[in-house]
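K.L.:
Pasting a predicted model and its sequence here:
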Amino acid sequence: METNLKMLIQLCDQELSNREYSFMHHKSISEAWEELLQWMIKNGYESFNESIGYQYCNEVFGSTVSSGIKKSDRVRLRAVRMLISYQIDGDFEFRTPYVSKASLIGQTGKHMEEYLQYLRKIVRQADDTITLKRFFLLALNTYLENRQIALEDVSIDIFADFYVKQNYTLASKNRCNSTLRQYLRYAYDNGITSKDCSIYILPDNYKKHCKLPTTYTEDEIKRMLEAVDRASAIGKRDYLILLLASEYGWRSSDIVNFSFSQIDWDKNTITFSQQKTGNAVVYPLLSSVGNAIIDYLKNGRPDTNIQQIIVSSWRERKGKKIAEPTIHSIVSKYMKYANISNWEQKKHGPHSLRHSLASNLLKKNVSIPIISTVLGHQSTETTKVYLSINNTMLKQCALPIPSLKTDIYEV
């Protein structure tokens with residue numbers, strides 16, 4: 001573990017370059033690291049560790065999480081947490097947590113914990129979904145306990161103040177609304193509260209799918225694949241990642257967890273349960289994907305005993321499971337190399353390739369139920385939001401404009 005801060009900063013700086021952070025973002029993080037270095041010199045610290053990093057955060061920002069700090073300080077906080085997570089795990093944490101990983105406390109917290117266990121064991125919701133719900137329930141639990149407010153006593157005004165204190169984005173508020181509304185109905189149905197307090201969660205105007213999904217043409221995706229240097233070990237890995245994202249529409253979580261046990265070489269199939277939904281999906285092992293896997297295993301993959309096929313090649317992380325944010329960085333890198341028009345102004349991660357697969361299949365007149373099967377959706381309604389408007393097909397639906405006969409306008 002590297003404890004010399006200057007050396008640690010050099011390693012993290014190289015990682016930023018590898019992930020192709022924008023010039024301004026890279027500059028902001030580097031400046032924050034320099035401030036931390038000067039603080040350590042001033043206080044006589046020679047070695048850097050998690051404890052000292054959090055001491056700096058508490059002294060300078062007043063917190064080790066993003067909740068309650070100024071927007072201008074969040075990049076500086078993120079910079080310090082990058083150093084801490086890289087020192088411990090050899091990789092940056094996915095995002096700065098909004099609240100600390102505290103326990104649900106008090107009687108309200110006890111009931112919330114029981115509710116989460118109910119979702120896990122009875123409803124069988126995915127772990128990621130439960131983690132997100134815990135995030136919002138913990139925020140409400142902390143708010144109520146700090147003010148000694150019982151769940152029974154919540155009101156519209158209390159929830160209004162709660163949201164002001166949380167400073168959520170519109171999207172986060174929408175998700176929080178949904179989580180709290182469902183919990184409060186559960187609390188009423190199970191006798192935890194004598195009234196249905198979910199009525200105090202007012203509806204919002206957020207439209208989750210109000211924007212058209214970002215898509216790329218088959219030609220643009222082909223150019224992106226051709227931009228990979230497949231002669232290098234990293235290129236062989238990156239080429240496989242891009243194929244999994246573009247040919248199968250896999251999410252980052254599915255790519256990083258892709259394992260040997262999921263491949264049946266005799267039947268030429270790949271079978272696994274999606275990380276996000278838990279849905280079991282069977283894919284044909286395409287020749288392009290199969291050959292890329294073999295090439296990577298023979299000529300690019302570091303020696304390691306882990307079950308995941310795709311692993312890191314970078315120093316301390318070599319041979320270990322690759323991180324999800326790295327998938328986004330890889331896709332973005334080759335969009336840049338392929339000179340795809342306006343890629344920086346659009347969504348440019350693996351999910352954009354998932355949208356593109358759905359859109360390009362639709363352009364080939366593939367039916368929505370089949371596209372839904374390819375993407376692993378249980379409902380075609382979920383699939384529909386992945387499909388961008390097909391202008392060519394829309395033009396076929398256009399009705400002729402009747403001639404206008406009036407003395408007011410000239411024809």
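P.N.:
Now that the structure is in, tell me what you want to look at.
K.L.:
ok, which stretches of the stretch 301-411 of the chain are helices?
P.N.:
Assigned helices in the stretch 301-411 of the chain, in chain order: 324-337, 350-363, 368-375, 380-384, 391-395 (criterion: DSSP state H, counting those that start in this stretch).
K.L.:
for residue 264, phi and psi?
P.N.:
Main-chain dihedrals, residue 264, degrees, to the nearest 10: phi -110, psi 100.
K.L.:
how far away is it from residue 306?
P.N.:
Distance, residue 264 to residue 306, using CB to CB, to the nearest Å: 20 Å. (C-beta placed from N, C-alpha, C; glycine too.)
K.L.:
before we move on, what about residue 83?
P.N.:
Distance from residue 83 to residue 306, by CB to CB: 26 Å.
K.L.:
What of residue 206?
P.N.:
For residue 206 relative to residue 306 (CB to CB), the value is 40 Å.
K.L.:
in this protein, what spans have low per-residue confidence?
P.N.:
67-68, 98-102, 207-213, 275-278, 315-316, 376-399, 401-411 (pLDDT under 70).
K.L.:
Could you rerun that using 50?
P.N.:
411 (pLDDT under 50).
K.L.:
Strands of that one, residue ranges please.
P.N.:
For the chain, the strands defined by DSSP state E occupy 263-264, 269-273, 280-284.
K.L.:
and of the ones you listed, who's closest to residue 151?
P.N.:
Closest to residue 151 of the strands of the chain is strand 269-273 (CB to CB; 35.5 Å).
K.L.:
so how far is that closest one from its chain's centroid?
P.N.:
Between the centre of strand 269-273 and the centre of its host chain there is 22 Å, according to CA atoms, centre = their mean, to the nearest Å.
K.L.:
And the contacts of that strand?
P.N.:
If you take CB atoms under 8 Å, 6 or more residues apart in numbering as the criterion, strand 269-273 is touched by 248, 254, 257-259, 262-264, 279-285, 289.
K.L.:
Pull out the buried residues from stretch 81-88.
P.N.:
Within stretch 81-88, the residues scored as buried using 16 or more other CB atoms under 10 Å are 81, 82, 83, 84, 85, 86, 87.
K.L.:
One more: stretch 121-129?
P.N.:
By neighbour count on 16+ other CB under 10 Å, the buried set for stretch 121-129 is 125, 126, 129.
K.L.:
End to end on it, go ahead and measure it.
P.N.:
For stretch 121-129, the first-to-last residue distance is 13 Å (CA to CA, to the nearest Å).
K.L.:
can you check stretch 146-153 too?
P.N.:
14 Å.
K.L.:
hmm, who's touching that stretch?
P.N.:
Residues outside stretch 146-153 that contact it (CB under 8 Å, 6+ apart): 107-108, 111, 143-144, 158, 184, 187, 192-195, 197.
K.L.:
in that stretch, what's buried?
P.N.:
Applying a neighbour-count criterion of 16+ other CB under 10 Å, one finds 149, 151 buried in stretch 146-153.
K.L.:
Do a quick rundown of the helices in the stretch 151-300 of the chain.
P.N.:
Going by DSSP H, counting those that start in this stretch, the stretch 151-300 of the chain shows helices at 156-166, 170-189, 218-226, 233-247, 252-256, 287-299.
K.L.:
Residue 271: neighbour count?
P.N.:
Residue neighbour count, defined by other CB atoms under 10 Å, stands at 13 for residue 271.
K.L.:
Just say which of the helices of the stretch 301-411 of the chain is most tucked in.
P.N.:
Each of those was scored by mean neighbour count; the highest is helix 350-363, a mean of 22, by mean count of other CB atoms under 10 Å.
K.L.:
mind listing what residue 289 touches?
P.N.:
Residues in contact with residue 289 (CB under 8 Å, 6+ apart) are 240, 243, 244, 247, 248, 270.
K.L.:
at 6 Å what do you get?
P.N.:
residue 243 (CB atoms under 6 Å, 6 or more residues apart in numbering).
K.L.:
So among the contacts of stretch 146-153, which ones count as buried?
P.N.:
108, 111, 143, 144, 158, 184, 187, 192, 193, 197.
K.L.:
who has more neighbours, residue 206 and residue 306?
P.N.:
Taking other CB under 10 Å, residue 206 and residue 306 do not tie; residue 206 has more neighbours (14 against 11).
K.L.:
Go ahead and confirm that one touches residue 175.
P.N.:
No - between residue 206 and residue 175 there is no contact, the gap being 9.0 Å when judged by CB atoms under 6 Å.
K.L.:
ok, residue 344 - how many residues close by?
P.N.:
Counted with other CB under 10 Å, residues neighbouring residue 344 total 10.
K.L.:
Stretch 20-40: how far from the chain's middle?
P.N.:
Centroid separation for stretch 20-40 versus its chain: 24 Å, with CA atoms, centre = their mean.
K.L.:
Check stretch 14-28 too.
P.N.:
For stretch 14-28, the distance to the chain centre is 19 Å (CA atoms, centre = their mean).
K.L.:
Next, the buried residues of it.
P.N.:
Neighbour-count burial for stretch 14-28, counted by 16+ other CB under 10 Å, picks out 15, 16, 19, 21, 28.
K.L.:
Help me confirm that residue 328 comes into contact with residue 349.
P.N.:
Yes - between residue 328 and residue 349 there is a contact at 4.1 Å, judged by CB under 6 Å.
K.L.:
wait, which of the contacts of strand 269-273 is closest to residue 65?
P.N.:
The nearest member of those to residue 65, counting by CB to CB, is residue 257 at 27.2 Å.
K.L.:
Could you report the neighbour count for that closest one?
P.N.:
Neighbour count for residue 257, taken as other CB under 10 Å: 21.
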